[in-house]
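1. Take this sequence and fold it.
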Amino acid sequence: MSPLRTARHSLTLAWRSLAKLRHSPDQLLDIIMLPIVLVLVMVFLFGDAVAGSTHSYLQYVLPGVAVQALMFASLGIGVGLNTDLRNGIFDRFRSLPIARPAPLIGYILGDVVKFVLSLALVFALGAAAGFRTHGSVPAVLAACAIIMVFAFAASWVVALAGLLARSPASVTAFSIVLIFPLTFGSNVFVPTGRLPGWLQAWVKINPVTDVSNAARGLMLSLPLGDAVTASLLWTAGVVAVFAPLATWAYRRRQA
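-> From the prediction side, this is the model:
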């Protein structure tokens, strides 16, 4: 089947994924509540202790919080995939004259819209609390794009977990074990130089650190170094490894 038809079928099934929200709006609860909790708790609970004032800390932490919020939002992809596989929805898709990978691709593309909602909510809350960007409009849009494409890459990892796990609970457990060290073991909340030496070694090679640095630098007009390049390389590497693996696992489940 041609790539054009595969893309069309994938977009149609992505719309199906979004249409389900009309009947189950509770699926958006984590997308809405998590950014609120992260912004309010992290800024107003730790702001004075880390940066001396909540305003200064908000400027530092918000781009990283956006990265973390989108990574947690990707949890829904794995859980939803696993649930649909167990319910037999994908068996019905197999009987239809559509591209084989279209249901998997459509599922991930549908959740990208949730990422946009989560990202918009984080920055809307940040703006209401006093966050202000100092970069140009193209730089701010580039920062948002870097966060989005990294979350898209992480979605393939969670999708693979959803395809291999035996239950939705297993997907959640695996994803939390993966996401917590990546997000909390980074410089999202505390600058690298203020962390213990043994932890700095992990933070410096953590992809979330590079993405946070890139987003922070673009939004606040700070020195970027190689953060943007490193972020894009991490994103490309994750997609190159886990997209084929997830596709293989999906085909194996459909065989």
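2. For F180, the count of nearby residues, please.
-> Neighbours of F180 under the rule other CB atoms under 10 Å: 13. Where you see a C-beta, it was placed from the backbone N, CA and C, and this is true even at glycine.
3. And the one 5 residues further on, by the same measure?
-> Counted with other CB under 10 Å, residues neighbouring G185 total 15.
4. for the closest residue to G217 other than its chain neighbours, helix, strand, or coil?
-> Residue nearest to G217 in three dimensions, not counting chain neighbours: L224, with 4.2 Å by CB to CB, 6 or more residues apart in numbering. Recorded secondary structure, L224: coil (DSSP: H, G, I helix; E, B strand; the rest coil).
5. got it, and the one 10 residues further on?
-> Reducing the assignment to helix, strand or coil with three-state DSSP, the entry for W234 is helix.
6. Quick check: closest non-adjacent residue to it.
-> Setting aside the residues directly before and after it, W234 is nearest to P207 in space (CB to CB, 6+ apart), at 4.0 Å.
7. likewise L104?
-> Leaving aside its sequence neighbours, L104 sits nearest to Y250 (CB to CB, 6+ apart; 4.7 Å).
8. about what we covered before: does the residue nearest to W234 really touch S231, like I thought?
-> Yes. Between P207 and S231 there is a contact under CB atoms under 8 Å: 7.4 Å.
9. Now for these two: what residues contact both?
-> Applying CB atoms under 8 Å, 6 or more residues apart in numbering, one finds that P207 and S231 are jointly contacted by F150.
10. excluding its backbone neighbours, what's nearest S53?
-> G47 (6.5 Å).
11. That neighbour: neighbour count?
-> Residues lying near G47 (other CB under 10 Å) number 19.
12. Look up how far G130 lies from it.
-> Remark: distance between G47 and G130 (CB to CB, to the nearest Å) = 11 Å.
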